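**Q** return atomic coordinates for the entry below.
(one chain, ligands or ions: 2)
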Amino acid sequence: MFKKIRILPALVIGILLCATVQPLRAQQLIVYPGDVTNNGVVNNVDFLYLGLGYNFIGPPRDPGNGNPQSFTPQLANPWPLILPNGTNMAHADCNGDGIVNYFYDAFPVYVNYGERRTDIPVVEDVFTRGTEGIDPSLRFNASAVPTNLNPGSAFSMPLEFGTAALPVEDLYGLSFSVLFDSSFVNTATASFDFSPISWANPDNDRVYMYRSIDEHRIDVAWTRTDHNQRSGHGVIGSADFIIIIDIIGYHEFSIIIDSVKMLDKFGNETLVAGDTVLINVSPAALSSEQEPQAQLRMQVQPNPAKDRLWISQESPIETLILWDALGQPVQRWHPNTNQTEVLLPQLPAGLYLLESRSKQGRSYQKIQIQP
Ligand SMILES: [Ca+2]
Ligand SMILES: [Ca+2]
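**A** Numbering: from 1, shown residues only. Ligands and ions are numbered 1, 2, ... in the order given. Below you'll find the predicted structure:
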């Protein structure tokens with residue numbers, strides 16, 4: 001008797017629970033993979049919000065139609081979590097597997113970058129410019145760049161964030177655009193490196209991406225992933241640029257850091273001042289020491305690859321770097337030989353870029369990695 005009486009309330013509670021849960025499950029969301037902020041456009045701000053949702057888990061998407069990462073409406077089950085801008089966190093799970101992480105959710109941001117929804121009005125992201133001398137600045141340190149660069153030559157600049165006088169407080173995510181006043185740099189071969197340890201990632205806990213938008217602009221995004229923020233100042237990374245060869249005459253060009261957005265771990269914004277550096281390109285013709293760079297050829301076998309690569313080139317390879325599609329280095333080797341065999345780490349299948357660096361220059365090869 002007692003048992004029956006106890007079961008009945010349990011059943012009633014169970015039915016009530018079903019009644020409250022069912023309608024929620026039925027109310028599915030429309031997710032456009034890559035648009036983490038759900039404002040109708042995919043850009044580097046979405047990468048910042050990916051960082052805010054990093055490693056959170058929720059209900060996966062039901063198998064839908066077509067590629068779950070393409071910029072098409074995907075029915076998703078709402079998560080019991082929201083991002084700081086009020087968006088349901090299901091939007092951060094770009095591939096719909098039930099977890100927010102780098103490999104499968106950052107890739108749709110990269111691939112669908114610049115896509116805009118046409119079925120709703122896009123709510124444009126707002127970038128508020130900080131004030132020099134009041135807000136911390138994000139700047140390239142061009143002090144190591146030669147006074148005059150030749151067409152075709154490469155140069156590298158450290159990226160510094162904050163100064164001792166105006167340090168950065170509570171950094172979790174940072175996005176910005178690098179603008180070129182003229183097409184003097186090949187934006188497609190420009191690279192950013194945030195992999196060395198810095199005050200912003202003393203624990204190496206960060207992911208980043210950069211993307212050439214056109215010949216005048218590169219968009220960059222960097223975010224921590226552990227929900228801890230950092231304070232400090234100084235170098236956070238570096239950028240490598242190659243000046244295009246067919247520049248005629250002497251020019252002074254500017255590289256501008258603009259549209260900076262910095263978030264703390266709660267998604268609050270801090271204003272950041274941008275910066276402009278001037279680069280001088282001399283009228284000198286392509287110098288003889290740059291010519292081997294164009295001829296440098298790297299042989300890579302097999303391609304597609306599974307677990308190892310055999311690489312050879314004429315000049316000794318000092319460093320090999322395997323870059324993923326978002327421009328993040330996933331592995332480095334220092335063979336110091338002309339020929340080497342390297343073992344690949346466990347990686348998701350896809351397209352990667354292998355870079356070889358030697359005294360004669362750099363060489364690149366696209367590598368398809370298969371499961
Ligand atoms: Ca967005
Ligand atoms: Ca995911």
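**Q** check contacts around the residue nearest to the spatial centre of the chain.
**A** Computing the C-alpha centroid of the chain and ranking residues by C-alpha atoms, centre = their mean puts Met209 first, at 1.4 Å. Taking C-beta atoms under 8 Å, 6 or more residues apart in numbering, we find Met209 in contact with 44, 47, 106, 109-110, 220-221, 326-328. Every residue, glycine included, has its C-beta placed from N, CA and C.
**Q** for ligand 2, see how far away it is.
**A** When distances are taken as C-beta to the ion, to the nearest Å, Met209 and ligand 2 turn out to be 16 Å apart.
**Q** quick one: the closest residue to that residue other than its chain neighbours from Gly237, how far?
**A** Among residues not flanking Met209 along the chain, Leu326 sits closest, at 4.0 Å (C-beta to C-beta, 6 or more residues apart in numbering). Distance of Leu326 to Gly237, computed by C-beta to C-beta, to the nearest Å: 14 Å.
**Q** domains in the protein, by residue range?
**A** Structural domains annotated on the chain: 2-111, 138-286, 289-369, as defined by automatic domain parsing.
**Q** does the last one come close to ligand 2?
**A** Which is domain 289-369. No. For domain 289-369, no contact with ligand 2 is found by C-beta under 5 Å from the ion; the gap never falls below 11.7 Å.
**Q** secondary structure element for Trp310?
**A** For Trp310, the host element (DSSP states H and E) is strand 308-317.
**Q** and that strand, which residues are buried?
**A** By neighbour count on 16 or more other C-beta atoms under 10 Å, the buried set for strand 308-317 is 309, 311-313, 317.
**Q** tell me how many other residues surround the closest residue to ligand 2 within the stretch 101-250 of the chain.
**A** When distances are taken as C-beta to the ion, the stretch 101-250 of the chain approaches ligand 2 most closely through Asp105, which lies 4.4 Å from it. Taking other C-beta atoms under 10 Å as the neighbour definition, Asp105 ends up with a count of 25.
**Q** let me know the pLDDT of it.
**A** On pLDDT, Asp105 comes in at 95.
**Q** and it, what does it touch?
**A** Under the criterion of C-beta under 8 Å, 6+ apart, the contact list for Asp105 reads 36, 50, 92-95.
**Q** tabulate those residues (JSON lines), appending pLDDT and neighbour count.
**A** JSON lines is the format used below for the contacts of Asp105 (pLDDT from 0 to 100; neighbours: other C-beta atoms under 10 Å):
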{"residue": "Val36", "pLDDT": "98", "neighbour count": "32"}
{"residue": "Leu50", "pLDDT": "97", "neighbour count": "30"}
{"residue": "Ala92", "pLDDT": "98", "neighbour count": "29"}
{"residue": "Asp93", "pLDDT": "97", "neighbour count": "31"}
{"residue": "Cys94", "pLDDT": "95", "neighbour count": "29"}
{"residue": "Asn95", "pLDDT": "93", "neighbour count": "23"}
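**Q** from these, which ones fall inside helices?
**A** Among the contacts of Asp105, the ones falling in helices (DSSP state H) are Leu50.
**Q** any chance of the contacts of Asp105 in TSV, with distance to ligand 1 too?
**A** Supplementary listing: those in TSV, determined by distance: C-beta to the ion, whole Å:
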residue	distance to ligand 1
Val36	6
Leu50	10
Ala92	11
Asp93	14
Cys94	11
Asn95	16
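**Q** mind checking the SS state of Phe47?
**A** Following DSSP: H, G, I helix; E, B strand; the rest coil, we place Phe47 in the helix state.
**Q** if Gln74 is in a bridge, with which residues?
**A** Partner residues in beta bridges with Gln74, using DSSP bridges, are Val31.
**Q** tell me, how many residues neighbour it?
**A** Other residues within reach of Gln74, judged by other C-beta under 10 Å, total 24.
**Q** wait, it sits on Tyr32?
**A** Yes. Taking contact to mean C-beta atoms under 8 Å, the distance of 7.3 Å between Gln74 and Tyr32 places them in contact.
**Q** tell me where the stretch 51-200 of the chain has strands.
**A** Counting by DSSP state E, counting those that start in this stretch, the segments of the stretch 51-200 of the chain that form strands are 74-76, 138-140, 154-161, 168-171, 173-180, 191-193.
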